[in-house]
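Participant: The sequence and its predicted three-dimensional model are supplied below.
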Amino acid sequence: MKENWTDATGLGEYISALSNSAAMKGMEQAYLIFGVNDQSHALTGTKFNYHKEVKNEPLEHFLARNLAPDLNFSFQELKVDGKRLVVLVIPAAKKAPTAFKGIRYLRIGSSKVNLVKYPEREAALFNLLSQGQPSLTNLASAYQELTFKKLFLYYEDKGIVLDNKNFEKNLKLKTKQGEYNLLAQLLSDDSHLPVRVSIFRGKDKTAPLYSVREFGNNCLFITLDKILEYADVINIVQADETNRIVQRKEVRLFDEDAFREAMINAFVHNRWIDGNAPMITIYSDRVEILSRGSLPPQQTLQGFFLGESIPVNPALSDIFLQLHISERSGRGIPVITKNYGKNAFEIREHSILVTIPFAFSEVSLGDVLENKVGDKVGDKVGDKVGDKVGDKVGDKTALNEISLNITRRRIIAAMKYDPHVTHVQLMKLIGIGRTALQNHVSYLRRQGYITRVGSNKNGSWQVNSQF
């Protein structure tokens, strides 16, 4: 932002710096605005004349002649509050860094520097322009011995059969050099990335830490399912006596759909290339979901809240869409804001925080989980507990008793009674939500307790007699 400009060479150097910096940040364009004070950012207006001549040569010709490669910059005029402003629109560097008079410049902070003095940044810029912006598909994983058994089972559970020969190509799991990429790592049997849910007994991190549950180091979809199932455990119900006349109204701790959308968004749009997973933190009055990375360059704040979906990780977003985990309709953000308002979002420079407040006064989730309030928590104990105890006992009967908790036994009983029972009917019969039911059914299928015969729409359930 400048008020006026008289140094044509300095202007050319700034064009080079801003063009290269825009490329580094993944922006399509950079802007230099004349008529704004550098320090106060106040509108002052400008008398800058971009039609002036530099040694008998029009300024625009002088700049274009000395820039390489050719850069299609442009000057635009506008008036704001009666003040004349001039905006110089500078395209980002594409195939090679932009140089002025043979020198490449870069913007670091508020300074313009000669890029050659910063060899690591120069190398990073050249690599970016040749390989494209770092992404899940063009960055090689540090782990090349990857397996995908869980991914195949997950697809099968969704009624989709992966092609064993072509799934890596179809899902874009390899770089151009033929190495497994970061997307493959995320979808493999072991993502090598921890995803944790921390529970504090108070309202901030100075309060005692009750527990830290580890859900990562797994196929990304299974990690997400387990977190959603865990959320179903802690989403306890309390009776609301407000304006009670005859019947008490039961209120859940937080809105299930809003939490689900927030979690899916966190996983789909997280900046996984930095090696960091989303972070879920539960306090006595709220749950916070932190995803790494901010809004994509093409996204505006207004568009974000209107639900204009611009995927940060397009390839991962495509797979979520294929598996019907998300529909990319843009409803996620509006669902959250409808329930909790725009203040539920805090958009930071390098992260986005979603805060979902609890529906009633402070809750000690540590006590809830310790005491296993009601039968719900007992019914929803994760598979991990059953697996651990089963390993220790080493007895199939004992393992069945643990893994087949009350909820799963009721699902099997319902399927024996009516092999054509639907998910919607099971949800009503068992009294659990969609996510919890899907996870229980997936577990029963993986362990061989039940089998789906025929299509999802017209098929039936077969309960295996040995169980």
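Facilitator: Looks like it arrived, so ask away.

Participant: Without its sequence neighbours, what residue ends up closest to Arg446?
Facilitator: Leu153 (5.9 Å; CB to CB, 6 or more residues apart in numbering). Every residue, glycine included, has its C-beta placed from N, CA and C.

Participant: what does Arg121 give?
Facilitator: Per CB to CB, 6+ apart, closest to Arg121 is Leu106, 6.2 Å.

Participant: how many neighbours does Gly45 have?
Facilitator: 18 (other CB atoms under 10 Å).

Participant: was I right about it contacting Val86?
Facilitator: No: judged on CB atoms under 8 Å, Gly45 makes no contact with Val86 at a distance of 9.8 Å.

Participant: shared neighbours, these two?
Facilitator: Counting by CB atoms under 8 Å, 6 or more residues apart in numbering, the contacts common to Gly45 and Val86 are Gly35.

Participant: What separation is there between the residue nearest to Arg121 and Lys94?
Facilitator: Distance, Leu106 to Lys94, using CB to CB, to the nearest Å: 16 Å.

Participant: ditto for Gln302
Facilitator: 28 Å.

Participant: Neighbour count for those two, which is higher?
Facilitator: Lys94 (12 against 8).

Participant: Where does the more buried one fall, secondary structure wise?
Facilitator: Assigned by DSSP states H and E, Lys94 belongs to neither a helix nor a strand.

Participant: which residues sit in contact with it?
Facilitator: Ala23, Pro69, Leu129.

Participant: I'd guessed the last one sits against Ala93; true?
Facilitator: It stands for Leu129. Yes: using CB under 8 Å, Leu129 makes contact with Ala93 at a distance of 6.3 Å.

Participant: So what touches stretch 98-118?
Facilitator: 9, 12-21, 24, 66-69, 71, 97, 121-122, 125.

Participant: can you list the weak-confidence ranges in the stretch 301-450 of the chain?
Facilitator: 361-404, 406 (pLDDT under 70).

Participant: Kindly recompute the last result at 90.
Facilitator: Along the stretch 301-450 of the chain, the parts satisfying pLDDT under 90 run over 301-311, 324, 326-332, 349, 359-440, 442-449.

Participant: Just the strands from it, written as ranges.
Facilitator: Along the stretch 301-450 of the chain, counting by DSSP state E, counting those that start in this stretch, strands occupy 345-347, 351-357, 450-453.

Participant: element containing Arg84, please.
Facilitator: strand 83-91.

Participant: After that strand, which helix or strand is next?
Facilitator: Next along the chain from strand 83-91, counting by DSSP H and E, comes strand 99-100.

Participant: Partner strands of that following strand, with direction?
Facilitator: strand 67-68 (antiparallel), strand 103-108 (antiparallel) (DSSP bridges).

Participant: Residues contacting the next helix or strand after the shortest one, please?
Facilitator: In this case it means strand 67-68. As assigned by DSSP H and E, the chain's next helix or strand after strand 67-68 is strand 74-80. Identification of contacts with strand 74-80 by CB under 8 Å, 6+ apart yields Leu43, Tyr50, Glu60, Arg84, Leu85, Val86, Val87, Leu88, Val89.

Participant: Would you state the strands of the stretch 101-250 of the chain in chain order?
Facilitator: 103-108, 111-114, 196-200, 209-214, 237-240, 249-252.

Participant: Going by mean pLDDT, which of those strands comes out lowest?
Facilitator: Comparing mean pLDDT over the strands of the stretch 101-250 of the chain, the weakest stretch is strand 237-240, at a mean of 63.

Participant: Show me which of the contacts of stretch 98-118 are buried.
Facilitator: 12-21, 24, 66-68, 71, 97, 121-122, 125 (16 or more other CB atoms under 10 Å).

Participant: elements contacting the strand or helix carrying Ala22?
Facilitator: Assignment of secondary structure by DSSP H and E places Ala22 within helix 8-24. Helix 8-24 sits against strand 29-34, helix 59-66, strand 67-68, strand 83-91, strand 99-100, strand 103-108, strand 111-114, helix 119-131, with contacts defined as 3 or more CB pairs under 8 Å, 6 or more residues apart in numbering; DSSP states H and E.

Participant: again, only this time at 6 Å
Facilitator: Helix 8-24 sits against helix 59-66, strand 83-91, strand 99-100, strand 103-108, strand 111-114, with contacts defined as 3 or more CB pairs under 6 Å, 6 or more residues apart in numbering; DSSP states H and E.

Participant: That helix vs strand 83-91, what angle?
Facilitator: 60 degrees (axes from the mean of the first three to the mean of the last three CA atoms, to 10 degrees).

Participant: What mean pLDDT does helix 8-24 get?
Facilitator: 94.

Participant: hang on, the earlier thing: do you know how far the residue nearest to Arg446 is from Phe267?
Facilitator: 19 Å.

Participant: which of these two has more neighbours?
Facilitator: Taking neighbours as other CB under 10 Å, Leu153 and Phe267 compare with Phe267 leading, 25 against 16.
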